[in-house]
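Student: missing the sequence, but the structure's below:
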């Protein structure tokens, strides 16, 4: 935090006003889809300061490139645009279609992302030297709707997503339900 001003009006000296320093921490959010990786870098206040997109280099479908190198390239590009060193990022969250294994955190059953399978999470954590989370894209959308959107104040709902496929996320008692195999809500 840093002092940003003072407020007068009471007895005694003026009260100092403090605010969070936006540059004190940064995060990267990535969305992986068929043919594209979208990346955003945000400061600790949640303000997005840069976005970058990297298109798949191959014509035969997305996800065949090394996921670790693809993520590293996307993050490097977004950080350059933001004027932020990659080392300043505190965490990475990656939204991905398909099922995420609740035990390993690796994506599986991601048919349109064949290289995004067992071991990719460990590879990303090793290469980026930071906390990395991979989550199902529809589950992330449900969390956002619950926190900031149409489902705010509602503890029980389902979110149906129509995209390349059909997805569904289930929130009960204010908690996202993934199921024992990570496929709860998959249609």
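Tutor: Here it is on my side, so go on. What you see is a predicted model, and the numbers here were worked out from it, not measured in a lab. Numbering: from 1, shown residues only.
Student: so what strands line up beside the host helix or strand of residue 41?
Tutor: Assigned by DSSP states H and E, residue 41 belongs to strand 36-43. Strand 36-43 has its sheet partners listed here by DSSP bridges as strand 26-33 (antiparallel), strand 48-55 (antiparallel).
Student: Buried deepest among those, which one?
Tutor: Of these, the one with the most neighbours on average (mean count of other Cβ atoms under 10 Å) is strand 26-33, at a mean of 21. C-beta here means a position set from N, CA and C on the backbone, and glycine is covered the same way.
Student: Show the average pLDDT along that strand.
Tutor: On average, the pLDDT along strand 26-33 is 90.
Student: Please enumerate the strands of the protein.
Tutor: 2-7, 15-19, 26-33, 36-43, 48-55, 89-96, 99-100, 107-108, 131-136, 157-162, 166-172, 175-177 (DSSP state E).
Student: out of those, which comes closest to residue 125?
Tutor: Closest to residue 125 of those, according to Cβ to Cβ: strand 131-136, at 4.9 Å.
Student: ok, and for that closest one, which residues are buried?
Tutor: The neighbour-count check on strand 131-136 (16 or more other Cβ atoms under 10 Å) flags 132, 134-136 as buried.
Student: so what secondary structure elements neighbour that strand?
Tutor: Applying 3 or more Cβ pairs under 8 Å, 6 or more residues apart in numbering; DSSP states H and E, we find strand 131-136 packed against strand 89-96, strand 99-100, helix 120-128.
Student: Next, the angle from that strand to helix 120-128.
Tutor: 150 degrees (axes from the mean of the first three to the mean of the last three Cα atoms, to 10 degrees).
Student: ok and strand 131-136 relative to strand 166-172, angle-wise?
Tutor: 110 degrees.
Student: sorry, back to before: please convert the helices and strands packed on strand 131-136 to a markdown table, extending it with distance to residue 13, mean neighbour count and mean pLDDT.
Tutor: Listed next are these as a markdown table, based on distance: least, Cβ to Cβ, whole Å; neighbours: other Cβ atoms under 10 Å; pLDDT from 0 to 100:
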| stretch | distance to residue 13 | mean neighbour count | mean pLDDT |
| --- | --- | --- | --- |
| strand 89-96 | 36 | 19 | 91 |
| strand 99-100 | 53 | 22 | 90 |
| helix 120-128 | 46 | 17 | 92 |
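Student: Would you convert these into CSV that also reports distance to residue 160?
Tutor: As requested, the helices and strands packed on strand 131-136 are exported to CSV (distance: least, Cβ to Cβ, whole Å):
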stretch, distance to residue 160
strand 89-96, 17
strand 99-100, 17
helix 120-128, 27
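Student: Could you identify the longest helix within the chain?
Tutor: Longest helix in the chain, counting residues (DSSP state H): helix 67-82.
Student: contacts for that one?
Tutor: With contact meaning Cβ atoms under 8 Å, 6 or more residues apart in numbering, helix 67-82 is reached by 26, 28, 30, 32, 37-41, 49-54, 85-86, 89, 92, 94, 113, 115-116, 120, 123-124, 127-128.
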